[in-house]
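In: Turn this into a model:
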Amino acid sequence: MTVLKILTYPDPFLTRTAMPVETIDDEIQEIIENMADTMYKAPGVGLAAIQAGIDKRIIVYDPSADPVKREFSVVINPEIIGMEGETVSENEGCLSVPDYRSDVRRSRVVTIRGMDRSGNPVEFCAEDFPAVILQHEIDHLNGILFIERISMIKRNLYKSRIKKAIKKGELPI
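Out: Numbers count the residues shown, from 1 in each chain. This next block holds a predicted model:
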């Protein structure tokens with residue numbers, strides 16, 4: 001088991017757009033397993049490679065967050081190709097934005113296209129909680145944190161709190 005370091009806001013790496021995976025080899029398989037280990041250890045329901053400082057378009061997720069069953073899914077080079085409806089993801093949080101939660105407007109249903117960990121093309125629909133997870137993780141691959149999807153007032157309050165904590169030496173820069 002290898003647990004990766006999860007980058008946290010305001011690390012500038014989190015604002016990068018991740019690079020597509022060109023070849024699925026043993027290195028990518030190891031990254032996937034390490035990402036899953038990290039997600040379950042955190043604990044979380046999803047993780048994008050960029051959150052672990054890996055510049056690759058890979059996400060892992062498991063809505064059940066069950067570290068014993070480890071029934072996680074992987075999507076490589078995921079893209080949202082369809083969205084339907086609207087929901088409010090209540091109390092959404094993020095491993096890269098610790099100690100902060102907020103309501104976020106998301107699509108209720110998404111259609112995703114990408115590849116599985118064997119390189120096979122996949123296209124599927126997800127709704128409700130799995131749809132929220134997928135949108136959140138794909139946002140990470142596009143350099144977007146969930147705090148960019150909340151009101152400017154709430155976002156600025158959070159950013160001010162973090163800046164103060166860094167200034168006081170309570171958080172690393």
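In: From here on, just use CA atoms for contacts and neighbour counts.
Out: OK.
In: What segments of the chain are helices?
Out: For the chain, the helices defined by DSSP state H occupy 26-41, 129-141, 152-167.
In: chain center to the first one: distance?
Out: The reference is to helix 26-41. Distance, stretch centre to chain centre, for helix 26-41: 14 Å (CA atoms, centre = their mean, to the nearest Å).
In: So for that helix, mean pLDDT?
Out: Averaged across helix 26-41, the pLDDT comes to 98.
In: which outside residues touch it?
Out: Contacts with helix 26-41, where a contact means CA atoms under 8 Å, 6 or more residues apart in numbering, come from 1-5, 45-49, 52, 58, 60-61, 65-67, 72, 74, 117.
In: switch to 6 Å and redo it
Out: By CA atoms under 6 Å, 6 or more residues apart in numbering, the list of residues contacting helix 26-41 from outside reads 2-4, 47, 67.
In: wait, which of these is closest to residue 21?
Out: Nearest to residue 21 among these, counting by CA to CA, is residue 47 at 16.1 Å.
In: Where in the protein is the helix or strand with the lowest mean pLDDT?
Out: Across the helices and strands of the chain, mean confidence by mean pLDDT, DSSP states H and E is lowest for helix 152-167: a mean of 91.
In: so which of the helices of the chain gets nearest residue 81?
Out: For residue 81, the closest of those is helix 129-141, at 11.3 Å, according to CA to CA.
In: List the buried residues in the closest one.
Out: Neighbour-count burial for helix 129-141 flags 130-141 (criterion: 16 or more other CA atoms under 10 Å).
In: what's the closest non-adjacent residue to the residue nearest the centre of the chain?
Out: Nearest to the centroid of the C-alpha atoms of the chain, with distances taken as CA atoms, centre = their mean, sits residue 137, at 3.0 Å. Excluding the flanking residues, the one nearest residue 137 by CA to CA, 6 or more residues apart in numbering is residue 48, at 5.5 Å.
In: roughly how far apart are residue 34 and residue 74?
Out: From residue 34 across to residue 74, the span is 12 Å (CA to CA, to the nearest Å).
In: Compare those two (neighbour count), which wins?
Out: residue 74 (23 against 17; other CA atoms under 10 Å).
In: Let me see the contact set for the more buried one.
Out: Contacts for residue 74 (CA under 6 Å, 6+ apart) come out as 59-60.
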